[in-house]
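Peer 1: this is a predicted model, with the sequence first.
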Amino acid sequence: MGLKGTCQPDTSIVPIVAYWKTGDIWGFKVTKIKQTIQDQKVVQNDSIHYLAKMEVLAQDSDTYTLDWTMANPFYDAFGLPASVRKKYPNYNYTNVIYKTTETGVYIGIQNWQEIGTMLKKLIGEKISSLSSDTISQAGQIRKELNSLSSVYNTKRGIEQLVFKELMMFHFPLGKQYTVGKIYNYNEKVPVMKNSQPATGNGIIVLRHLNKEKQTCELLQRMKVLPDSANTMLKNYFLHLGMRKEAIAGAISESIVSVYDDNIYNYLIDPGIPLKILVSRETVIDVLDDHVKQIDKTIIEKVP
């Protein structure tokens, strides 16, 4: 994602880059919250919490190799009983081995296939536990879990859906910012199934800098552009087979919005977050779908 400044530069330029060395270890608490409101009723209100340890395993002139270790949160996320924990003792902790550039820009997970295998086994345990006699929607749940399992066959799926907090952790790194300067960017935002992504327009601003404590705060906000949302809806309705003459009316009666409101507090040296709060609100009011979803991730440094 490229950044472009749009106001007069200040005198304080802050590089947020990795000043790490092999053997460095930091601890973090991660909280992930998902709330879904459908037809004005809360149908999902889930949260998971876990403690993680980030360790610098190796470094060379071009890259860092890191280990993000955590107590496995997926037993609780999938609602698995204690018996499954006993069955897979090697899965009590998850080690995510990944690389960054020399400035801390995220490159990718190295052991994603191993992680994918673990996740698919746990999903298989969940599917096996479902019974149509006790769960009226067992068939639908199986379908959704099988779909989720297929996502774990890809590196991108694991990175974007399972460990998106790593993208957040490294998002500000590898760039320099001028205090008070507004940076604009565009990104592609997946909004609806079976539709192309919409384009979002965002800003980033370094709004606080404490030189004495070597801390700074970045604000990031993004929203999907209405014209792009309408184009996405047009293609979506065409995909459904809607008549062209009816599409304009359907678009005028639809609401699609995505809004990000994120705050990144960083310790400039060694280049690690003190606290990150990432929040996305998605509203889809299209045909028979009336859904509002709120996703939050909080990453906090712990002693």
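Peer 2: On my side now, so go ahead.
Peer 1: for the stretch 1-150 of the chain, give me the ranges with low pLDDT.
Peer 2: 1-11, 131-142 (pLDDT under 70).
Peer 1: do that again at 50, thanks
Peer 2: Along the stretch 1-150 of the chain, segments meeting pLDDT under 50 span 2, 5-10, 133, 135.
Peer 1: could you pull out the strands for it?
Peer 2: Taking DSSP state E, counting those that start in this stretch as the test, the strands found in the stretch 1-150 of the chain are 4-5, 13-16, 25-38, 41-59, 63-71, 93-101, 106-109.
Peer 1: tell me the strands beside the last one, with direction?
Peer 2: This means strand 106-109. In the sheet, strand 106-109 lines up against strand 93-101 (antiparallel) (DSSP bridges).
Peer 1: likewise for the longest one?
Peer 2: Partner strands for strand 41-59, per DSSP bridges, with pairing direction: strand 25-38 (antiparallel), strand 63-71 (antiparallel).
Peer 1: quick one on the thing from earlier: closest one to Ser257 among the strands of the stretch 1-150 of the chain?
Peer 2: Closest of the strands of the stretch 1-150 of the chain to Ser257 is strand 25-38, at 13.9 Å (criterion: CB to CB). The C-beta positions use only the backbone N, C-alpha and C, and glycine is treated the same way.
Peer 1: mind listing what Lys296 touches?
Peer 2: Each residue near Lys296 by CB atoms under 8 Å, 6 or more residues apart in numbering is listed here: 31-34, 277-280.
Peer 1: please apply the same query to His170.
Peer 2: 100, 104-106 are the contacts of His170 under CB under 8 Å, 6+ apart.
Peer 1: most widely separated two among those?
Peer 2: Gly104 and Tyr106 (7.9 Å).
Peer 1: shared neighbours of these two, anything?
Peer 2: With CB under 8 Å, 6+ apart as the test, Gly104 and Tyr106 both reach 170, 173.
Peer 1: more neighbours, the two?
Peer 2: Taking other CB atoms under 10 Å, Gly104 and Tyr106 do not tie; Gly104 has more neighbours (22 against 19).
Peer 1: wait, doesn't that one sit right on Gly174?
Peer 2: Yes. Between Gly104 and Gly174 there is a contact under CB atoms under 8 Å: 5.6 Å.
Peer 1: can you give me the helices in the stretch 151-300 of the chain?
Peer 2: 155-157, 164-170, 226-240, 244-252 (DSSP state H, counting those that start in this stretch).
Peer 1: and the longest one, what does it pack onto?
Peer 2: For helix 226-240, the packing partners by 3 or more CB pairs under 8 Å, 6 or more residues apart in numbering; DSSP states H and E come out as strand 198-210, helix 244-252, strand 255-267.
Peer 1: center of the chain - which residue?
Peer 2: For the chain, the residue nearest the mean C-alpha position is Lys164 (3.5 Å; CA atoms, centre = their mean).
Peer 1: what pLDDT is listed against the closest residue in space to it that isn't next to it in sequence?
Peer 2: Once flanking residues are discounted, Lys164 sits nearest to Thr297: 7.2 Å by CB to CB, 6 or more residues apart in numbering. You'll see Thr297 listed with a pLDDT of 96.
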